[in-house]
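# Sequence plus the predicted model coming up.
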Amino acid sequence: MELESKLELVCRGALEIVTPEELAEKIKKDDKTAYIGFEPSGKIHLGHAITIRKMMDLQEAGFKVKILLADLHAYLNGKGSLEEIKEVSDYNIRCFRALGLSEDTVFVLGSTFQTKEDYTYKVYELALATTLARAKRSMAQITRESKDHKVAEVIYPLMQVVDMMFLETDLALGGMEQRKIHMLARENLPKMGYEAPVCLHTPLLHGTDGSEKMSSSKGNFIAIDDSPEAIKDKIKKSYCPMGRVEGNPIIEIAEHFIFTESDTLLIERPDKFGGNLELTQEQLKDSYEKEKLHPLDLKNAVARELTKIFKVVREYLKDN
RNA sequence: CCCGCCUUAGCUCAAUUGGCAGAGCGUCGGACUGUAGAUCCGAAUGUUGCUGGUUCAAGUCCGGCAGGCGGGACCA
């Protein structure tokens, strides 16, 4: 693949790359590794899927992909006992594979290396270099909601920074909520003798309730293995203001999952509402904004396509 | 280690001298919209942190334990 097209592929849909210049250099390397970490979660949803798809782009561009099942991080974030978390992580690996990552994807369970002596010393070293305020700030969008803040909360970002070093990361991928931790990494890894990774941030998907972020804890997600009925039901219940494209979860789903696979979306609607339409992404946004496309018609079309797109995922998970 | 205050619905908090455990938010359902939301109705929700006691009767009083917050003490 040409360098230019690799770059284009990697950057497609990214909200931010720190920095594009460094990426252009990294991408020339023969051996290059991209990493992302996930706290094991009971449900893998569309938000996760956006980053996994980006990882697939990176694989195509020649990156070796490492997925961290951050069991200790989940533990530090109060998600349950280590044993429960490990169990969920096996399910998560199946989900990630189902989404289409290649066979040579490396899955790493965090606790297998995060308790090693040299790792621990690096965490301490970073702990000494990082102010409390900075560590807390980096966790603002990640920490489980609670007013009783635990020390665990500030250990978490430090470990994440050290992870990048131990996983020999050239590129760290994450949603925008990861950016403050990533910046902490870029600032401090060089001080510890490790070249800072390029950071690539994907947009966050709004929750089906219209809130800032889709997250399993808030129950405002569509899971990648939701049944067609559940998908339809959740989309029907979703926040979707007439004429408003900005922050509209249904429009976002169309953008990220439908128009990435096909150029147009078929809107089926009764003749009395204008009959069927076939729209490109631009046309869809335009008609929606002008209120020429009704939210319900949009929802029906999105639910139909989303069900189709995730059929292979549901089937993979049934058989594996 | 000691002292004080706190712990009630998913969340924030009420509950008189001990007398049927409530509200707001959220959730769910209905109405209204050709979606959702907003709005208007309606409903559900509890081992009152755990435990022992006093009492006809304990969220409330007494003891113990746990967790949280604040202070004190210890620092040869």
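That came through, no problem. Numbers count the residues shown, from 1 in each chain, chains lettered A, B, ... in the order given.
# following the helix or strand that contains A:A49, which helix or strand comes up?
In the assignment (DSSP states H and E), A:A49 maps to helix A:46-60. Counting by DSSP H and E, the next helix or strand C-terminal to helix A:46-60 is strand A:64-69.
# what mean pLDDT does that following strand have?
Average pLDDT, strand A:64-69: 97.
# other SSEs contacting it?
Counting contacts by 3 or more Cβ pairs under 8 Å, 6 or more residues apart in numbering; DSSP states H and E, strand A:64-69 is packed against strand A:33-38, helix A:46-60, helix A:82-98, strand A:106-109. All C-beta spots, glycine's among them, are computed from the backbone N, C-alpha and C.
# Which elements pack onto the longest one?
Right, the one you point to is helix A:82-98. strand A:64-69, helix A:71-76, strand A:106-109, helix A:311-319.
# just the second one next, same as before
If contacts are counted by 3+ Cβ pairs under 8 Å, 6+ apart, helix A:46-60 sits against helix A:3-11, strand A:33-38, strand A:64-69, strand A:171-175, strand A:198-202.
# The helix or strand containing A:V162 and RNA strand B in contact?
Using DSSP H and E, A:V162 sits in helix A:152-166. No - using Cβ under 7 Å from any atom of the strand, helix A:152-166 stays clear of RNA strand B, coming no nearer than 11.6 Å.
# where in the stretch 1-150 of chain A is pLDDT low?
Low-confidence segments of the stretch 1-150 of chain A (pLDDT under 70): none present.
# give me the residue from it nearest RNA strand B.
A:D148 (4.6 Å; Cβ to the nearest atom of the strand).
# separation between that residue and A:V154?
Noted for A:D148: a distance of 14 Å to A:V154, by Cβ to Cβ, to the nearest Å.
# So which bits of the helix or strand containing A:E21 are buried?
Element membership of A:E21 [criterion: DSSP H and E] is helix A:20-26. Residues of helix A:20-26 classed as buried: A:E22, A:L23, A:A24, A:K26 (neighbour count, 16 or more other Cβ atoms under 10 Å).
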